[in-house]
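**Student:** A structural model of the following input is requested.
(chains A and B)
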There are 2 protein chains.
Amino acid sequence: MIKVVAKGYVKAGEVEKFKEYAAELVKESKKEEENISYGLYQDTSNPQILTFIEEWKDQAALDQHMKTPHFVRIFAELGKLQEKETDINIYNLAI
Amino acid sequence: MIKVVAKGYVKAGEVEKFKEYAAELVKESKKEEENISYGLYQDTSNPQILTFIEEWKDQAALDQHMKTPHFVRIFAELGKLQEKETDINIYNLAI
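**Tutor:** The predicted structure follows:
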């Protein structure tokens, strides 16, 4: 299992639009066979920080996901709504 | 449910010591009644990035956790092993 934390810094006024695109990405990604979990989380003190936290069977499953039409299309749209680049970390469970 | 992502930047050579302290913190925190999950994750491309990803019943449960003797003691030790401050985000599920 690998875990992805993709932290987005969304432009003021674009949060709702970001969530609309995110809802579609979450829905489509959860259909992928090797997805374990996929959610969008909003920071409790800064609503412009919106972070995808995802779990995938393995790196190959994540690589596959990042080639899907829905990911490629929506990730590009999400990028337009952000102040700076997404802060992405891919993790293995250590403890 | 709230989710915490606490991203640590550990000094080179201190990763194993960080993990030892983290193992104790994970073990003790999981005993807390209102903890849902608590794990330490290591970045697949940078082993010095070690991140706690936690789930708590609510903010009050997290506040309580951060007052426990084990958290206070171990969090201070972990801090000494880091290059810079922990990057902490507290999240609500949005989608």
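
**Student:** contacts for the helix ranked longest in chain A next, please.
**Tutor:** Assignment by DSSP state H gives helix A:15-31 as the longest helix of chain A. Applying C-beta atoms under 8 Å, 6 or more residues apart in numbering or on different chains, the contact partners of helix A:15-31 are A:8, A:10, A:35, A:38-40, A:47-48, A:50, A:52, A:54, A:65, A:68, A:70-71, A:74-75, A:77-78, A:81-82, B:94-95. In this view, the C-beta of every residue, glycine as well, is placed from N, C-alpha and C.

**Student:** could I have the buried ones of those residues as PyMOL selection syntax?
**Tutor:** This is how PyMOL selects the buried members of the contacts of helix A:15-31, with burial counted by 16 or more other C-beta atoms under 10 Å in any protein chain shown:
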select buried, (chain A and resi 8+10+35+38+39+40+48+50+52+54+65+68+71+74+75+78+81+82) or (chain B and resi 94+95)
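
**Student:** now, the contacts of helix A:15-31 that are in helices?
**Tutor:** Using DSSP H, these in helices are A:H65, A:H70, A:F71, A:I74, A:F75, A:E77, A:L78.

**Student:** from B:E14, how far off is the first one?
**Tutor:** Going from A:H65 to B:E14 by C-beta to C-beta, to the nearest Å gives 33 Å.

**Student:** what does the model give A:Q64 for pLDDT?
**Tutor:** For A:Q64, the model assigns a pLDDT of 98.

**Student:** got a list of what it touches?
**Tutor:** A:E32, A:E34.

**Student:** mind checking how far it is from chain B?
**Tutor:** From A:Q64 across to chain B, the span is 16 Å (C-beta to the nearest C-beta, to the nearest Å).

**Student:** same check, this time on A:L50
**Tutor:** 7 Å.

**Student:** so that residue bridges to which residues?
**Tutor:** When assigned by DSSP bridges, A:L50 has beta-bridge partners A:G8, A:Q42.

**Student:** chain center to stretch A:48-56, what's the gap?
**Tutor:** Relative to its chain's centre, stretch A:48-56 lies at 5 Å (C-alpha atoms, centre = their mean, to the nearest Å).

**Student:** pLDDT of that stretch, averaged?
**Tutor:** 98.

**Student:** residue contacts, the residue most central in space within chain A?
**Tutor:** Centroid check for chain A by C-alpha atoms, centre = their mean gives A:F52 as the closest residue, at 3.6 Å. By C-beta under 8 Å, 6+ apart, the contact list for A:F52 reads A:V4, A:V5, A:A6, A:G8, A:A22, A:L25, A:V26, A:Y38, A:G39, A:L40, A:Y41.

**Student:** pull out the buried residues from the longest strand seen in chain A.
**Tutor:** Longest strand in chain A by number of residues (criterion: DSSP state E): strand A:82-93. For strand A:82-93, the neighbour count (16+ other C-beta under 10 Å) marks A:Q82, A:T86, A:N89, A:I90, A:Y91 as buried.
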